[in-house]
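Participant: Sequence plus the predicted model coming up.
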Amino acid sequence: MPAVPSAPQRRAQTTASGDVCGSRLPFFEESVLTKRRYAIWRVALVLTTFPWAAHTAQAQNAAVLERGKAQFGICSACHSTAVDGSHAFGPNLRGVVGRTPGSVAGYKFSKSMAARGGVWDKQSLNVFLEDPAKAVPNNAMPYVGVKDAADRAAVIDYLTTLH
């Protein structure tokens, strides 16, 4: 009958076999127990990483919206976003995304803006905000545009939140 190794000898054999933490039991081979341990570890990794990734995405989105709100401060000199739909010097921009240009009740638009047609979406707003005079010639908006693409995107993202 072979001699039973002592506990220190078993630990030395187990560690020498590649198991760094010494948790492999000498009477089990690469067994279901080991496979389950790794499966549980992978699931735990996914479950702990996913909420962090979602939180990071929310934080980035919140930062973009804050940047858009800050950049919109320039626009708010002439435009309102009031819930009641009241206008300032320019038309109220609440709900502008998805709206037909020149179609807000109670505001007198320039002929070129009223005749523009289409729908304000992210792409058309991007073109308009880059250079309003070029996008809609003879419009009444006395503004040179937002030259920085990231600032324009942030303003547009902010406008999409206003319903």
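Facilitator: Received, thanks. Numbering: from 1, shown residues only.

Participant: Look at the residue lying closest to Asp157 once chain neighbours are set aside and tell me its secondary structure.
Facilitator: Leaving aside its chain neighbours, Asp157 sits nearest to Gly68 (5.1 Å; criterion: C-beta to C-beta, 6 or more residues apart in numbering). Quick note: C-beta positions are derived from backbone N, CA and C, even for glycine. Assigned by DSSP: H, G, I helix; E, B strand; the rest coil, the conformation of Gly68 is helix.

Participant: Might one say that Gly68 is in contact with Val155?
Facilitator: Yes - taking contacts as C-beta atoms under 8 Å, Gly68 lies within contact range of Val155: 4.9 Å.

Participant: So for those two, which sits in the more crowded spot?
Facilitator: Of the pair Gly68 and Val155, Val155 is the one with more neighbours under other C-beta atoms under 10 Å, namely 25 against 21.

Participant: And the pLDDT for the nearest residue to Ala133 once chain neighbours are set aside?
Facilitator: Leaving aside its sequence neighbours, Ala133 sits nearest to Asn139 (C-beta to C-beta, 6+ apart; 7.0 Å). With respect to pLDDT, Asn139 scores 93.

Participant: show me what contacts Asn139?
Facilitator: Ser110, Ser112, Met113, Pro132, Ala133 (C-beta atoms under 8 Å, 6 or more residues apart in numbering).
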